[in-house]
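Novice: Curious how this folds, go ahead:
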Amino acid sequence: MAIQWFPGHMHLTQKAIGERIKNIDVVIELLDARLPGSSANPLLAQLTAGKPSLKVLNKQDLADPARTTEWLAHYNGLPGTRALALDASVATPAKALVKACFELAPNRGGMVKPMRVLICGIPNVGKSTLINTLTGKRAAKTGDEAGITKLEQRISLADDFYLYDTPGVLWPRIIVARSGYNLAASGAIGRNAFNEEEVALELLDYLKTHYATQLEARYKLSAASALSDEELLDAIGRQRGALQGGKRVNLQKAAEIVIYDFRAAAIGRVTLETPQEFARWLAEGQKLDAKRQIKKDAIELDRQIRFKKIPRPPKPASE
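Specialist: The predicted structure follows:
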């Protein structure tokens, strides 16, 4: 299943970022520490190319600490980039962002050259919570749902530090299939854009391979890795009492339980991808996307020929 979600206001956000970036000194991109690669927006990378970048792995308290260390090393190894991990609700680490921005743009600061920072990220990554922590007041709306922020806001963190907040934005087409499932599991994609049962099955497929012990402890199961994804979802449904008539498992309810438990870290501190895994998924997605584009171009060429918008290519001369 291809998961896509790109509401109309995201087109406006894309345009606004393109205009705002001209006068920005540093770009802060919030990432979900449980899925750093999948939550990194390639559209933002294009719009903000050439600007110093601070990658913030938010919700670190929900993620696998060892894998967070891997991702920080990955991003800190990129040119013009720094990376931090934090929980946006904790005040002291959040203030480190201001210091990191001045390190990335050391020539900014003071009333003559105030620091201008754009903060962006996918929906529901915790951006508004972070801003409220930085300002010490409710400057931005928060909620456990994608798409809360709808308008750009300028927030003064100091006399010489301006923070520009933008609505959470996804990209028009997600070419990494696994990213779609991971984003849906995290809550970045609106609940009407995906099938909970399918997302839960993909989530369980990964968890039983990499976090079987935590999965078994949460749902009081044994040998979770030996079960198929469908058997595992059924077993969890029975264990948690998600039953309907005839003592059959209500798979929709069971799926909702699994997704909720992942989001709340009830299964434990879990990260759904490593830098190496995501690089492989991205390469596979780009390869498939290139094939799709070739097929699409061939169909369009045929359509234009049939409607005589372009001349038919000449036949090769017979020998």
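
Novice: from here on, contacts and neighbour counts on C-alpha atoms
Specialist: OK.

Novice: any chance you could map the helices in this structure?
Specialist: 8-20, 42-47, 65-76, 91-104, 127-135, 177-186, 196-210, 212-219, 229-239, 251-263, 275-306 (DSSP state H).

Novice: Same list, those, but as CSV with distance to residue 114, mean pLDDT and mean neighbour count please.
Specialist: Formatted as CSV, the helices of the chain follow (distance: least, C-alpha to C-alpha, whole Å; pLDDT from 0 to 100; neighbours: other C-alpha atoms under 10 Å):
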stretch, distance to residue 114, mean pLDDT, mean neighbour count
helix 8-20, 15, 68, 15
helix 42-47, 22, 84, 15
helix 65-76, 25, 98, 17
helix 91-104, 10, 85, 16
helix 127-135, 17, 84, 22
helix 177-186, 35, 94, 22
helix 196-210, 44, 97, 20
helix 212-219, 48, 96, 18
helix 229-239, 53, 96, 20
helix 251-263, 38, 97, 20
helix 275-306, 35, 86, 14
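
Novice: Residue 255 versus residue 230, what's the distance?
Specialist: Remark: distance between residue 230 and residue 255 (C-alpha to C-alpha, to the nearest Å) = 11 Å.

Novice: residues shared between the contacts of those two?
Specialist: Common contact partners of residue 230 and residue 255 (C-alpha atoms under 8 Å, 6 or more residues apart in numbering): residue 201.

Novice: quick revisit: distance to residue 30 for the helices of the chain - can I get that in TSV?
Specialist: Listed next are these as TSV, based on distance: least, C-alpha to C-alpha, whole Å:
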stretch	distance to residue 30
helix 8-20	15
helix 42-47	11
helix 65-76	13
helix 91-104	11
helix 127-135	7
helix 177-186	14
helix 196-210	22
helix 212-219	27
helix 229-239	31
helix 251-263	17
helix 275-306	17
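
Novice: Which of those sits closest to residue 157?
Specialist: helix 127-135 (6.2 Å; C-alpha to C-alpha).

Novice: Please find the angle between the direction vectors of the closest one and helix 91-104.
Specialist: With axes from the mean of the first three to the mean of the last three C-alpha atoms, to 10 degrees as the basis, helix 127-135 and helix 91-104 are set at 90 degrees to each other.

Novice: for helix 127-135, the distance to its chain's centre please.
Specialist: 18 Å (C-alpha atoms, centre = their mean, to the nearest Å).

Novice: Ok, stretch 76-86 next?
Specialist: 17 Å.

Novice: Next, the buried residues of it.
Specialist: Using 16 or more other C-alpha atoms under 10 Å as the test for burial, stretch 76-86 gives 81, 82, 83, 84, 85, 86.

Novice: So which of the residues you listed belong to strands?
Specialist: Mapping the buried residues of stretch 76-86 onto strands (DSSP state E) picks out 81, 82, 83, 84, 85, 86.

Novice: Next one: the second one from residue 190, what distance?
Specialist: Going back to what we said before, that points to residue 82. 30 Å.

Novice: Kindly report the same for residue 236.
Specialist: 24 Å.

Novice: residues touching residue 113, list them.
Specialist: residue 160.

Novice: Could you give the bridge partners of it?
Specialist: residue 109 (DSSP bridges).

Novice: Equivalent analysis for the one 4 residues further on, please.
Specialist: With beta bridges defined as DSSP bridges, residue 117 has these partners: residue 26, residue 163.

Novice: Settle this for me: it is touching residue 23, isn't it.
Specialist: No: under the criterion of C-alpha atoms under 8 Å, residue 117 is not in contact with residue 23, lying 9.1 Å apart.

Novice: Same drill for these two, tell me which one is more crowded.
Specialist: Set residue 117 next to residue 23 and count neighbours by other C-alpha atoms under 10 Å: residue 117 wins out with 23 against 10.

Novice: how about the helices of the chain, which one is nearest residue 171?
Specialist: Per C-alpha to C-alpha, nearest to residue 171 of the helices of the chain: helix 42-47, 5.9 Å.
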